[in-house]
Structure formats: structure tokens, C-alpha cells
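A.B. asks: Predicted model, plus sequence, below.
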Amino acid sequence: MGFALFFILAGLIILSAVGVVLNRHPVRSAMCLVATLFLLAVLFIFLDADFVAALQVVVYAGAIMVVFLFVIMLLNLSDDAPAPPQQSRRFSALVGASLFVLGLLYLLRQAGLLLPGPGMGTAVPQGFGSIEMVGLRLFTHYLLQFEITGLLMLGGVVGAVVLAKRKVG
Amino acid sequence: MNSLWFDLGAATIKSLVVVLNVLQLAGMLGWVERKGSALIQDRIGANRAAIFGFTGAGLVNTMMADPLKFLTKEDVIPGGVDHLLHTLAPCIHLFPALVTFAVIPFGDVLVIGDREINLQVAPLNIGILYVLAMVSLGVYGVVLGGWASNNRWSLLGGIRGSAQMISYELAMGLALVAMIMTYGTLDLQEMARAQGGTLLGIIPKWGILYQPLAFLIFFTAGMAESKRVPFDLPESESELVSGFFTEYSGTKHLMFFMTDFVEVIIVSGLATTLFFGGWQVPFLARDGFHFPGGASLLLPNLVVAILQIISFSVKVLFFCWFQIMIRWTLPRFRYDQLMRLGWIGLLPLGFLNAIVTAMIILAWGAH
């Protein structure tokens, strides 16, 4: 049951991800990306990570993508087909994509060699993925990383305020 | 296997009951809204729907006439729009609002035979975060509806709407943070349970007594999220025709229209659950009434469950009515006033409330 559901879900995720790339219109692409991120959240629920799933929807599908959509709409891009790319650009795109695929294949191979990892066959401990466990881990084991992330975000906020306060013209 | 079927059946019935009741209530609120406006503007309202010349049962007549009218109207799609996104927008708008009610408990437990049914559609460990996630998805319907209409007023409405919803989400989240700290859980059912019992023996231990400021912030932000007067800048018919759903007619218009009322019900349900004891009836425990002074009245579980559901419904109805009264009492904000209230008023207050709550809990311990 869970197996079949996983494949249906994975198929939907791949479909919407492909939709991001193949759609000509930027707004449709953005909506496909929202769908991809939302479905990924469902995948997290399959992995008993409810808290991460909720954060995925709140932060990525909810907050970040709305800003994306805003920018796209305000730019008001036309949906005319773009001019065919130059030969040199085509070549570099091909090289870049090939390198990416090679890297991905290598990673998949390495991940495959690691399977089955330690503890994979056993059931998850009680309360795994719950907000209490994540919080406890975050504020004890990963405290330094958590604080560094906080500083980084503070820097981002200050930067945004500076940019917004700048007089234009 | 038997137990699986039982759980599946119980879950299906619960979901159906909740969804149908919410939709039904949303339809009724359409009539209450008109009657409320008539009451406040000192005129007779919503008395034209007649069945065979009979106008007496205004609520029933209007509730049957409204959907029929909307469903049989021509569905106009303006030229030059993205058909798919134009059609999708009302669905994306209605969906998050409808599914939010899944985590709101409407009763404690119902015992059938030796099995217990939790009277909440989805008992989630992350309850309140789920609400926030769905609220943040609600923006898409507004943005898409505004954009896909190929109309500048619509686009303006959509942009206003999303800016407003993002701004007030923050204040709402901070009010919820204070409530999470107070109860020490994210599960709304646990929160409702924590509000049983009394303070000093006579006052019901409801959340509003601990967090009055959080209630004000939450309720204001919640009303702003539902985009109704005084926060109806995305719609503001005197400036933007009808805002982000100007170019919608028939069933799609009905979906936008219904979403507003569903959101009113959600805000009422959340306010009830977080601040007014949810399904708690004063002095009613699982086995019956225990009045201050020692008297008690034992009741079977079924009666207790029914009393709880009635209590929850009455509170939700009260807050729906209250929001409609506010809607017809206050004038619309100006846009800069709206932004100032959100960012300079509610947000710092929310931070202050959360910090003070944390300090009090640190000093004296929870409860």
C-alpha cells in the first residue's frame, strides 16, 4: 500500500518538476514549482517527518514562491516564444547539462553503495520527526549551527532594510 | 481488519460531517450577512426569495435560491486570459480554507462499544503549523485570480491582497506562538483539553484569561486574512470594481464568495478553540457535571459528547455573528493605515506578547 502510494506520489512530483522546465509561460512554471514543493512535503510525511513537512509548505510553498510569483507578475513577461538561442549558448548548455547528469549519476551510485545504512531496517523511535524531537536536537546538538543561521538571517534582514531605504533617482 | 474498517468509517463520517457543515454554514452566513446589514442600515433585507409566493422562511428560501442562481449563470471567461489558471484560481482559493477545519476539534471523545472516537478529523502532532501552512497557501488563489483575469483592477486587487495576507500572517503567527507556549503543545485537541477545569473554583480556565492580548492580535489578524471589511482592500468595490474576482461569474464567483465565509468560520473555530475553551462546557468533565460547591450530575458519554458539540457550535456561531457585525460597523481602512496597523501595531505587540509570555513561563513555569 505505502509502496504503491510512494510511486504515485513520486510520479506526480517528477511530472510537476518537468512541468517547471517545459512550460513556456513563467507563471505556469512557478505554479508547477509550487506543486512540486507541496508534493515534496507529502513525501516528508511518508518519512514520518511531519514537522519538516509543515515547514516545507509554510516556508517554500507558502512564503518564498509567493515572492517569486510577485516578481514574475510585476515584470509582466510576455508569453511569446523566445528567440532561438545562439549556437555557442546551445553548446555550453549541453556541456553543463551533461556534467550535471554525470554528477547526479555518481551521487546515486554512491548512495546506492551505502544502502542499507545502519538502523534502516528497524522501526523509527517513538516521537521521531515530531516538533519536540526536532527542537531538542536543534537546541542542544546543533546549537552552534542554529545560531550561525540566525546571524545569517539577521544579516539578510538588515540588507533588505538598507536596500529598501535607498533613494531611487 | 474489523478495527481498520471501523477507523476508516469513523474518519470518513467525521470528514463528511465537518466539510458539509462548514459549507452549509457558509451558505447560511450569506443570508445572515444580508440580514445583518439590513438590521444595521435600518431597512428590510433579503426578503425577495419566494417559493410559490411564500417568503416566510427567509433563510431556507435564500439558501436554496442563491446556489441555484449562481449555478445557472453563464460562466464568462474574458478574452486573452490563461484559461487553465483562470479556472484553477477559485479552486486553489477554496481548497486551503476548506481543509483547515480538519485540525479543529469539535468534541472530546465519543465512546462506541469499547472503541473511542476522537472528535477531530485529523489529530496532528503539528496542528497549528498545519493551520499556518494552509493560510499561507491561501494567498495563491488571490494572486492567481488577480493575475489570470487580464485586468488591471484585478491585478491591483491581487497584489494588494497578497501583500495584506503576508503582512498579517506574521502577527497571527506570533499570537499563535504565545498560545503554543502557554499550552505547551501544538495539537489543538490537547489545547482544548487543557482548558477544562476552573480557576479559583468558579471561573472556567479558558485561554482568554491567560492571553487577552494574543486574542486581540489573533482575531484582528484573522479578520484581515479573511479579507472582509474593514480589511477588504483587495476587493474594495468603490475603487477596483470587485478586486481580484472582478472577471469571475457564475460558479467561480460563488467559490470566491464562499471562501470568504469559510474563512470567517475558520477564524471563529480557531478563536473558540484557542481562547474560549473549544468544546468545553463550564464544569462539564468526561463523566458529567461537577459544579463548584460539591454538587455533581453524572451523564452518559453520548450526552456529554452532544453537549460538547453544541457548546462548540454555539461559540463558533457567536464569533461568526460577531465578525459580521464588525464588518457592517467599521469603514474600510486606507491602504497605508492597513499596512501601519499590521507592521507597526500588531507585529511589535505580538513580539512583546510572545516575549513576556516566555519570561513568565520561565519564571513561574507553565500554568
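C.D. replies: That came in fine, so what should we check first?
A.B. asks: Not including adjacent chain positions, what is the nearest residue to the residue in the stretch 251-367 of chain B positioned nearest to chain A?
C.D. replies: Across the stretch 251-367 of chain B, the shortest distance to chain A (CB to the nearest CB) belongs to residue B:343, at 12.3 Å. In short, each C-beta sits where N, CA and C put it, glycine included. Among residues not flanking residue B:343 along the chain, residue B:167 sits closest, at 6.2 Å (CB to CB, 6 or more residues apart in numbering or on different chains).
A.B. asks: mind checking pLDDT for the one you found?
C.D. replies: Note on residue B:167: pLDDT of 86.
A.B. asks: what number of residues lie near it?
C.D. replies: 19 (other CB atoms under 10 Å in any protein chain shown).
A.B. asks: I'd assumed residue B:344 was in contact with it.
C.D. replies: No: judged on CB atoms under 8 Å, residue B:167 makes no contact with residue B:344 at a distance of 10.8 Å.
A.B. asks: which ones are touching residue B:215?
C.D. replies: B:175, B:207, B:208, B:271, B:274, B:275 (CB atoms under 8 Å, 6 or more residues apart in numbering or on different chains).
A.B. asks: any idea which helix or strand carries it?
C.D. replies: helix B:212-225 (DSSP states H and E).
A.B. asks: Give the next helix or strand downstream of that helix.
C.D. replies: By DSSP H and E, the next helix or strand past helix B:212-225 is helix B:237-240.
A.B. asks: hmm, who's touching that following helix?
C.D. replies: Against helix B:237-240 from outside (CB under 8 Å, 6+ apart): B:153, B:154, B:156, B:157, B:234, B:243, B:246.
A.B. asks: tell me the angle of the strand or helix carrying residue B:95 relative to helix B:212-225?
C.D. replies: Residue B:95 belongs to helix B:83-100 when assigned by DSSP H and E. Inter-element angle recorded for helix B:83-100 and helix B:212-225: 150 degrees (by axes from the mean of the first three to the mean of the last three CA atoms, to 10 degrees).
A.B. asks: re the thing from before, which of the contacts of residue B:215 tops the neighbour count?
C.D. replies: Going by other CB under 10 Å, residue B:274 tops the contacts of residue B:215 with 30 neighbours.
A.B. asks: That residue contacts residue B:190, doesn't it?
C.D. replies: No: using CB under 8 Å, residue B:274 is not in contact with residue B:190, being 11.8 Å away.
A.B. asks: Does residue B:338 touch residue B:233 like I think?
C.D. replies: Yes: between residue B:338 and residue B:233 there is a contact under CB under 8 Å: 5.9 Å.
A.B. asks: what sits against the closest residue to residue A:17 other than its chain neighbours?
C.D. replies: Excluding its sequence neighbours, the residue lying closest to residue A:17 (CB to CB, 6+ apart) is residue A:36, at 4.9 Å. Residue A:36 is in contact with A:13, A:16, A:17, A:20, counting by CB under 8 Å, 6+ apart.
A.B. asks: burial count for whatever residue of chain B ends up closest to chain A?
C.D. replies: Closest approach between chain B and chain A, counting by CB to the nearest CB: residue B:136, at 2.7 Å. Neighbourhood size, residue B:136 [other CB under 10 Å]: 23.
A.B. asks: Quick check, pLDDT for it.
C.D. replies: 84.
A.B. asks: Quick check: nearest residue in space to it, chain neighbours excluded?
C.D. replies: residue A:62 (2.7 Å).
A.B. asks: Contacts only, for the one you found.
C.D. replies: Counting by CB under 8 Å, 6+ apart, residue A:62 has contacts B:133, B:135, B:136, B:137, B:139.
A.B. asks: which two from these end up farthest apart in space?
C.D. replies: By the measure CB to CB, the contacts of residue A:62 have their two most distant members at B:133 and B:139, which lie 11.7 Å apart.
A.B. asks: These two: which is more packed in?
C.D. replies: Ranked by neighbour count (other CB under 10 Å), residue B:133 and residue B:139 place residue B:139 first, with 27 against 23.
A.B. asks: which SS class is the most centrally placed residue in chain B?
C.D. replies: The residue lying closest to the centre of chain B (CA atoms, centre = their mean) is residue B:266, at 1.4 Å. Put simply, residue B:266 is helix when judged by DSSP: H, G, I helix; E, B strand; the rest coil.
A.B. asks: how close does it get to residue A:157?
C.D. replies: Distance, residue B:266 to residue A:157, by CB to CB, to the nearest Å: 30 Å.
A.B. asks: I'd like the mean pLDDT over stretch B:306-319, please.
C.D. replies: For stretch B:306-319, the per-residue pLDDT averages 89.
A.B. asks: And residue B:268, what's its pLDDT?
C.D. replies: Looking at residue B:268, the pLDDT reads 92.
A.B. asks: Excluding chain neighbours, what is closest to it?
C.D. replies: Per CB to CB, 6+ apart, closest to residue B:268 is residue B:319, 3.5 Å.
A.B. asks: Then residue B:339?
C.D. replies: Leaving aside its sequence neighbours, residue B:339 is closest to residue B:167 (6.5 Å, by CB to CB, 6+ apart).
A.B. asks: who touches that neighbour in this structure?
C.D. replies: With CB under 8 Å, 6+ apart, residue B:167 has these contacts: B:224, B:339, B:342, B:343.
A.B. asks: sec struct for it, please.
C.D. replies: Reduced to three states by three-state DSSP, residue B:167 is helix.
A.B. asks: Against residue B:230, how distant is it?
C.D. replies: From residue B:167 to residue B:230 the distance is 15 Å (CB to CB).
A.B. asks: again, but for residue A:148
C.D. replies: Distance from residue A:148 to residue B:230, by CB to CB: 42 Å.
A.B. asks: Who has more neighbours out of those two?
C.D. replies: Neighbour comparison, residue A:148 and residue B:230: the larger count goes to residue B:230, with 18 against 11 (by other CB under 10 Å).
A.B. asks: what does the domain assignment say about chain A?
C.D. replies: Split into domains by automatic domain parsing, chain A comes to A:1-78, A:127-169.
A.B. asks: For the shortest one, give the mean pLDDT please.
C.D. replies: When pLDDT is averaged over domain A:127-169, the result is 86.
A.B. asks: Show me which residues of chain A sit near chain B.
C.D. replies: Residues of chain A lying close to chain B (CB under 8 Å from any CB of the partner chain) are A:25, A:27-28, A:31, A:34, A:38, A:50-51, A:53-55, A:57-58, A:61-63, A:66, A:69-70, A:73-74, A:130-131.
A.B. asks: picking up where we left off before, for the contacts of helix B:237-240, give me a markdown table that also has distance to chain A and neighbour count.
C.D. replies: Rendered in a markdown table, the data for the contacts of helix B:237-240 read as follows (distance: CB to the nearest CB, whole Å; neighbours: other CB atoms under 10 Å in any protein chain shown):
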| residue | distance to chain A | neighbour count |
| --- | --- | --- |
| B:153 | 14 | 18 |
| B:154 | 11 | 26 |
| B:156 | 11 | 18 |
| B:157 | 12 | 30 |
| B:234 | 14 | 25 |
| B:243 | 15 | 27 |
| B:246 | 16 | 21 |
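A.B. asks: Can you say which helix or strand has residue B:159 in it?
C.D. replies: Using DSSP H and E, residue B:159 falls in helix B:152-183.
A.B. asks: which is the next helix or strand following that helix?
C.D. replies: By DSSP H and E, the next helix or strand past helix B:152-183 is helix B:188-194.
A.B. asks: by contact count, what packs against that next one?
C.D. replies: Applying 3 or more CB pairs under 8 Å, 6 or more residues apart in numbering or on different chains; DSSP states H and E, we find helix B:188-194 packed against helix B:127-137, helix B:152-183, helix B:250-275.
A.B. asks: Work out the gap between it and the centre of the chain.
C.D. replies: 17 Å (CA atoms, centre = their mean, to the nearest Å).
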